[in-house]
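In: compute the structure for the input listed below.
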Amino acid sequence: MGYYYGSLVFEIIIFLMILGRLTSMVVRLKKGRLNKKWWLLVGILLPLLAISMVYFLYLPLLDLPYALKGETEVVEGTVSDVYFPGGNNGFVLEGEEYRRNPWTFDPEPGEMYRLYYLPNSHYVVKFERASE
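Out: Numbering: from 1, shown residues only. A predicted model of the protein is given here:
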């Protein structure tokens with residue numbers, strides 16, 4: 001669970017830094033201190049920031065009450081795909097994508113697992129190999 005909390009804090013810090021820089025840029029643009037071409041960058045960054053905020057910040061924040069209470073959902077199935085570590089450290093189990101801590105859980109494609117995960121972000125809190 002520590003990886004979940006650490007990721008959440010890191011993502012909040014990064015989001016606040018980007019939001020602060022973007023806000024500063026908009027203020028300087030409105031005051032005429034920056035070239036108007038920078039509005040293009042602002043126009044590109046705002047949708048990207050909104051999309052990444054939903055996926056990397058909003059969904060994990062929705063899981064915070066579940067994480068604090070230790071409430072998880074359970075699923076059992078076969079892993080079909082494992083993504084390269086980085087980003088969301090994802091893998092696919094029975095057609096659903098889940099997040100993981102890459103240092104404690106390295107799922108093997110074709111293996112069966114029982115996962116205990118947070119319901120919104122699909123972050124795996126606990127796992128165990130399942131017998132067929």
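
In: what is the least confident helix or strand in the chain?
Out: helix 38-53 (a mean of 87; mean pLDDT, DSSP states H and E).

In: got phi/psi on the residue of the chain positioned farthest from its centre?
Out: Most distant from the centre of the chain: Gly32, at 36.3 Å, with distances by C-alpha atoms, centre = their mean. Backbone torsions for Gly32, taken as degrees, to the nearest 10, come to phi 80, psi 20.

In: report pLDDT for it.
Out: Confidence at Gly32, expressed as pLDDT, is 88.

In: re the thing from before, give the other helices and strands that the helix or strand following the least confident helix or strand of the chain contacts.
Out: Moving toward the C-terminus from helix 38-53, the first helix or strand encountered (DSSP states H and E) is helix 59-62. If you count contacts as 3 or more C-beta pairs under 8 Å, 6 or more residues apart in numbering; DSSP states H and E, helix 59-62 packs onto helix 2-30. C-beta: built from backbone N, CA, C; applies to glycine.

In: helices and strands around the helix it packs on, which ones?
Out: Here helix 2-30 touches helix 38-53, helix 59-62, helix 64-69, going by 3+ C-beta pairs under 8 Å, 6+ apart.
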